[in-house]
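Chemist: Give the three-dimensional model of this entry:
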Amino acid sequence: MRARSFTLESTDPGQVRALAQRPADVGSTVAAILADVRKRGDEAVLELTRRFDGEVARPRVTPEELDAALAGLDSGVRVGLDTAIANVRRVAKAELSENVAVGLPEGHTVTLRHLPVARAGVYVPGGRAAYPSSVVMCCVPARAAGVTRIALATPPGPDGKPSTHTLAACKLCGVDEVHLMGGAQAIAALAYGTASVAPVDVIVGPGNAYVQEAKRQLAGVVGIDSIAGPTELLVVADAQADPELVALDLAAQAEHGSDSVVAVASPDANLLEAVSAAAARIAAERPTVKDAPLALVLTPSVEAAVEFANAFAPEHLELACEDATRLSDLVRTSGCVFIGGGAAFGDYAAGSNHVLPTGGAARFSGPLGASTFRRRQALVSLPESAASALAPHVSSVARAEGFPVHAESAEARAGSPGSSGDRK
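Modeler: Prediction:
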């Protein structure tokens, strides 16, 4: 990790975000892939998968392959996945609310009910790495929400085969179909449908710049969870924080790639120096830690560090402070807040979701959850007495907007003398 330190002069998060690598402009490339899949379907998906990911013997994973992957799973990994599934399921189910009926003074009711989408598409990164944890984070909330069918796409490995860890997680999470396809072409196939892939209603999951750009271009054709960028971790720390633990937490998130953004904000200069030294040593000794930029932000106070966090709106926020619980009440924007630290737990088994808003999106969005797979529907029950009471208000506003037939429709329902049914 490359450390850069500066004194905080404002709450402008751009000074930290500017340290990260900028992704290449992939918009035109993705647009061409989407158009090709929409036109040629499975043929294009298979051709593109072979070009970008490698040869695959068969694009659809069989039930027997899923069974075999689970049967051969290491016992420790199995227990870890079972724990993660149980905890994520508990949190996802707690998120679901009952239907709410609101009685209005005119005598009618509006009921807000929550209905699951029928078909969810999940993208799980693959290739040279495997992410069974992403299967858990995306599929367990979908099942808790009541989704009827889950279709999962993941690219094959260098040998043309899927990760057995990913397949085992799919089996544990009740995934209905697994397709060996990656990148923008996988997102296109899930959104548009092909001869072998039925179109879905919502697509969720992490992925590279091409995957995220495809989701952005297809938003509206299908629902999406968010446009996810590089991993982010901001640690707010005081003089009592353990610099070794803070540095390990930063290094853990830096494993996601050199475009990850990791930072520490603290009023204690000695703590920042100690974290910087520990992070450099840890990174040098661990080959999986990428060369991500580490920002060291000196603030006037720990409260100012929290205000910086609110402006930055990080994906992960750790409060490594003596008074972390009190400070958590001051946090307004963050994908997930870890009181005392431990963001790595959230990536796996804490029960919170690791698909989180990045790039400042925590200002207006939150973690993936059961609500991602549900939609609200309003059910209006309008007896004649309520229609009579509301019709004059509807009529006056509708006519003011230049929509007289709206007014006539309301008046007719209310049996008003001025309704179209009374006109000769």
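
Chemist: hey, let's count contacts and neighbours off CA atoms from now on
Modeler: OK.

Chemist: Only alpha carbons, please: show stretch 136-152 as CSV.
Modeler: Output in CSV follows, covering the C-alpha atoms of stretch 136-152 (Å, rounded to 0.1, in the frame of the first residue of the first chain):
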residue,chain,number,x,y,z
VAL,A,136,-24.4,-16.1,-0.1
MET,A,137,-24.8,-12.3,0.0
CYS,A,138,-26.9,-12.2,-3.2
CYS,A,139,-28.9,-15.4,-3.1
VAL,A,140,-29.9,-15.7,0.5
PRO,A,141,-31.7,-12.3,0.6
ALA,A,142,-33.4,-13.2,-2.7
ARG,A,143,-34.8,-16.4,-1.2
ALA,A,144,-35.8,-14.5,2.0
ALA,A,145,-37.7,-12.0,-0.1
GLY,A,146,-39.7,-14.8,-1.8
VAL,A,147,-38.1,-14.8,-5.2
THR,A,148,-39.5,-17.7,-7.3
ARG,A,149,-36.4,-18.5,-9.3
ILE,A,150,-32.7,-17.5,-9.1
ALA,A,151,-30.4,-17.6,-12.2
LEU,A,152,-26.7,-17.2,-11.5
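
Chemist: and the gap between residue 117 and residue 142?
Modeler: Using C-alpha to C-alpha, to the nearest Å, residue 117 is found at 9 Å from residue 142.

Chemist: Now residue 278: phi and psi?
Modeler: phi -70, psi -40 (degrees, to the nearest 10).

Chemist: Just to check, it is in contact with residue 242?
Modeler: No. With contact defined as C-alpha atoms under 8 Å, residue 278 does not count as touching residue 242 (10.4 Å).

Chemist: List the residues that contact residue 41.
Modeler: Contacts for residue 41 (C-alpha atoms under 8 Å, 6 or more residues apart in numbering) come out as 189, 193, 194, 195.

Chemist: rerun at 6 Å
Modeler: residue 194 (C-alpha atoms under 6 Å, 6 or more residues apart in numbering).

Chemist: roughly how far apart are it and residue 186?
Modeler: 11 Å.

Chemist: Pass me the low-pLDDT residue ranges in this protein, would you?
Modeler: 2-11, 21-23, 416-424 (pLDDT under 70).

Chemist: Scan it for its longest helix.
Modeler: Longest helix of the chain, by residue count under DSSP state H: helix 75-95.

Chemist: State the distance from residue 125 to residue 310.
Modeler: 30 Å.

Chemist: Likewise for residue 377?
Modeler: Distance from residue 377 to residue 310, by C-alpha to C-alpha: 33 Å.

Chemist: Residue 110 looks like it's in a strand, true?
Modeler: Yes. Counting by DSSP: H, G, I helix; E, B strand; the rest coil, residue 110 is part of a strand.

Chemist: residues near residue 94, how many?
Modeler: By the measure other C-alpha atoms under 10 Å, the count of residues near residue 94 is 11.

Chemist: Hmm, I typed the wrong one, I wanted residue 144.
Modeler: With other C-alpha under 10 Å as criterion, residue 144 counts 22.

Chemist: Contact partners for it?
Modeler: residue 93.

Chemist: how big is the angle separating the helix or strand containing it from helix 75-95?
Modeler: Applying DSSP states H and E as the criterion places residue 144 in helix 132-145. Put simply, helix 132-145 runs at 40 degrees to helix 75-95, going by axes from the mean of the first three to the mean of the last three C-alpha atoms, to 10 degrees.

Chemist: Starting from helix 132-145, tell me the next helix or strand along the chain.
Modeler: Following helix 132-145 in sequence, per DSSP H and E, is strand 149-154.

Chemist: Pairing partners for that next one, with directions?
Modeler: strand 119-123 (parallel), strand 177-180 (parallel) (DSSP bridges).

Chemist: now the ones you listed in CSV, with distance to residue 138 and mean neighbour count?
Modeler: Below are these laid out as CSV (distance: least, C-alpha to C-alpha, whole Å; neighbours: other C-alpha atoms under 10 Å):
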stretch, distance to residue 138, mean neighbour count
strand 119-123, 7, 26
strand 177-180, 14, 22
